[in-house]
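Enquirer: How does the following fold in three dimensions:
(one chain, ligands or ions: 2)
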Amino acid sequence: MPDPTNHVVDDAFVRVDAAEAIERGLTLPADWYTDPEVLAREEVGIFGREWQYVGHASRLDKPGAYLTVQLGRVPVVVLRDADGELAGYVNVCPHRGHAVALDSGCRGSLQCRYHGWTFGLDGRLRGAPRSDREPGFDAGAIHLRRVQVDAWGPLVFVNPDLQAPSLADTLGGVLDVARERGFDPALHPLRATREWPIRCNWKVMLDNNTECYHCATVHPGFRSEYHVDREHYRVTAFEKSFAHVAPPRRPGDGERDEDFHLYYLWPTFMASGRGRDYFYTYTYVPVDANTTLQRNDYFFPESCSDAEVEHAVEQIACLMREDWDVFERVQIGMRSGLVPNGRLLHDEERLLRHVQRLCFDAVSA
Ligand code: FES
Ligand SMILES: [Fe+2]
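Expert: Ligands and ions are numbered 1, 2, ... in the order given. This is a model prediction of the structure:
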């Protein structure tokens with residue numbers, strides 16, 4: 001006789017749609033973490049409309065210095081203009097759509113390599129080969145499309161949406177918390193950058209960084225150095241930003257006697273450090289629904305030798321690897337589709353619920 005329980009539908013595992021999941025304190029449906037269609041909506045509703053970190057100002061240190069990035073569907077070129085101001089443009093030529101700048105570098109103008117149209121650092125068309133033979137060709141009316149560029153100290157951010165609130169307004173109260181904690185992004189120079197592909201959806205990484213519920217089990221080293229319980233681990237949340245602060249377990253031992261702190265800006269930016277010793281930024285760049293690139297910039301005092309920086313970067317990577325391992329296993333769980341909605345803890349994971357709502361609102365609008 002076959003076991004009849006094998007044929008019973010278990011209501012606990014019937015997929016609940018995103019709106020109901022948020023209402024009931026469940027995770028977004030698993031297919032939100034695996035479906036290319038969802039990522040396509042996020043590219044427009046999130047990455048097309050929010051502030052995203054693009055690099056350190058030292059990479060744009062003189063007029064003409066530029067770098068290129070991809071924000072969702074939008075290729076962007078960010079540069080230092082002739083007046084020394086930061087400017088950003090959609091990196092799409094208004095002739096037939098080729099990029100006007102590739103990689104990074106320093107130039108007095110941007111020349112599209114397809115047909116050679118040339119743009120000034122102010123984004124205006126300076127010249128288009130053979131256009132002088134074209135009656136009615138109004139070069140003065142042609143320019144690159146602008147994006148918003150702003151900075152938190154030397155950290156440069158871009159938002160493709162010209163209507164979006166300012167970076168400072170979006171960072172909101174996190175700026176005050178950072179100031180109180182003595183965090184200054186201008187404190188140390190950029191000393192190293194790293195990039196890692198992780199086999200998971202970008203939201204698996206985001207969810208993880210909303211909580212330190214996992215710290216007790218996933219990060220034994222961190223847990224031994226910092227308080228990770230609800231009584232000590234402080235989370236301050238604002239609309240699109242939040243701050244985490246963990247006090248050291250053994251203040252005064254010299255090694256770890258300063259707070260761990262982390263500042264987050266929706267959707268994909270974090271800066272994290274220990275006291276004023278050093279800090280690093282991380283950014284998540286979705287490659288596809290199941291793959292995300294993690295980019296880190298590391299900031300250390302000039303007085304640190306290259307070998308010391310290298311050693312510290314490796315130490316930080318050890319902590320990150322503990323997370324990456326769980327990210328990739330969570331992604332396998334999501335792809336099964338058979339456990340479509342997880343059950344969250346209302347208090348411990350309240351920030352996760354908050355970012356779920358941001359995500360849902362952005363792609364449902
Ligand atoms: S597409 Fe840029 S010059 Fe033709
Ligand atoms: Fe972690």
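Enquirer: and the closest residue to Cys304 other than its chain neighbours, how many neighbours?
Expert: Spatial nearest neighbour of Cys304, excluding adjacent residues (CB to CB, 6 or more residues apart in numbering): Arg191 at 7.1 Å. Using the backbone N, CA and C atoms, a C-beta is placed for each residue, glycine as well. Using other CB atoms under 10 Å, Arg191 is surrounded by 20 other residues.
Enquirer: who's in contact with Arg191?
Expert: Applying CB atoms under 8 Å, 6 or more residues apart in numbering, we find Arg191 in contact with 298-300, 304, 306, 309.
Enquirer: Got a ChimeraX select line for the buried ones in those?
Expert: The following ChimeraX command selects only the buried members of the contacts of Arg191, with burial defined by 16 or more other CB atoms under 10 Å:
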select :298,299,300,304,309
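Enquirer: Tabulate the contacts of Arg191 (JSON lines), appending pLDDT and secondary structure.
Expert: Output for the contacts of Arg191, formatted as JSON lines (pLDDT from 0 to 100; DSSP: H, G, I helix; E, B strand; the rest coil):
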{"residue": "Tyr298", "pLDDT": "98", "secondary structure": "strand"}
{"residue": "Phe299", "pLDDT": "97", "secondary structure": "strand"}
{"residue": "Phe300", "pLDDT": "97", "secondary structure": "coil"}
{"residue": "Cys304", "pLDDT": "97", "secondary structure": "coil"}
{"residue": "Asp306", "pLDDT": "97", "secondary structure": "helix"}
{"residue": "Val309", "pLDDT": "97", "secondary structure": "helix"}
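Enquirer: farthest-separated two in the contacts of Arg191?
Expert: Every pair in the contacts of Arg191 was compared (CB to CB); the two farthest apart turn out to be Phe299 and Asp306, at 14.1 Å.
Enquirer: ok, the residue nearest the centre of the chain - contacts?
Expert: Nearest to the centroid of the C-alpha atoms of the chain, with distances taken as CA atoms, centre = their mean, sits Thr268, at 2.1 Å. Neighbouring residues of Thr268 by CB under 8 Å, 6+ apart: 52-53, 202, 206, 283-285.
Enquirer: okay if I get the residues you listed as JSON lines plus neighbour count?
Expert: Supplementary listing: the contacts of Thr268 in JSON lines, determined by neighbours: other CB atoms under 10 Å:
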{"residue": "Gln52", "neighbour count": "24"}
{"residue": "Tyr53", "neighbour count": "22"}
{"residue": "Trp202", "neighbour count": "25"}
{"residue": "Leu206", "neighbour count": "21"}
{"residue": "Thr283", "neighbour count": "20"}
{"residue": "Tyr284", "neighbour count": "22"}
{"residue": "Val285", "neighbour count": "19"}
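Enquirer: Now, those that are in strands?
Expert: Helix and strand membership here follows DSSP state E; of the contacts of Thr268, those in strands are 52-53, 283-285.
Enquirer: Make JSON lines from these and add distance to ligand 1 to it.
Expert: JSON lines is the format used below for the ones in strands among the contacts of Thr268 (distance: CB to the nearest ligand atom, whole Å):
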{"residue": "Gln52", "distance to ligand 1": "25"}
{"residue": "Tyr53", "distance to ligand 1": "28"}
{"residue": "Thr283", "distance to ligand 1": "29"}
{"residue": "Tyr284", "distance to ligand 1": "31"}
{"residue": "Val285", "distance to ligand 1": "25"}
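Enquirer: re the thing from before, quick check, nearest of the contacts of Thr268 to Glu134?
Expert: Taking CB to CB as the measure, Gln52 is the one of the contacts of Thr268 closest to Glu134, at 37.7 Å.
Enquirer: thought that closest one was touching Asp161?
Expert: No: under the criterion of CB atoms under 8 Å, Gln52 lies out of contact with Asp161, with a separation of 10.9 Å.
Enquirer: show me where the stretch 201-350 of the chain has strands.
Expert: Along the stretch 201-350 of the chain, the segments classed as strands by DSSP state E, counting those that start in this stretch run 234-237, 241-246, 260-265, 269-274, 278-288, 291-299.
Enquirer: now those strands as TSV including distance to Glu328?
Expert: Conversion of these to TSV gives the following (distance: least, CB to CB, whole Å):
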stretch	distance to Glu328
strand 234-237	26
strand 241-246	23
strand 260-265	22
strand 269-274	19
strand 278-288	14
strand 291-299	10
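Enquirer: What are the neighbouring residues in contact with whatever residue of the stretch 151-300 of the chain ends up closest to ligand 1?
Expert: The nearest approach of the stretch 151-300 of the chain to ligand 1 comes at Pro160, 19.6 Å away (CB to the nearest ligand atom). If you count contacts by CB under 8 Å, 6+ apart, Pro160 has them with 47-49, 71-72, 74, 76, 90, 147-148.
Enquirer: Drop anything exposed from the residues you listed.
Expert: For the contacts of Pro160, burial is judged from neighbour counts taken by 16+ other CB under 10 Å, and it is met by 47-49, 71-72, 74, 76, 90, 147-148.
Enquirer: Tell me which of these fall in strands.
Expert: For the buried ones among the contacts of Pro160, membership in strands holds for 71, 74, 76, 90, 147-148, with DSSP E as the criterion.
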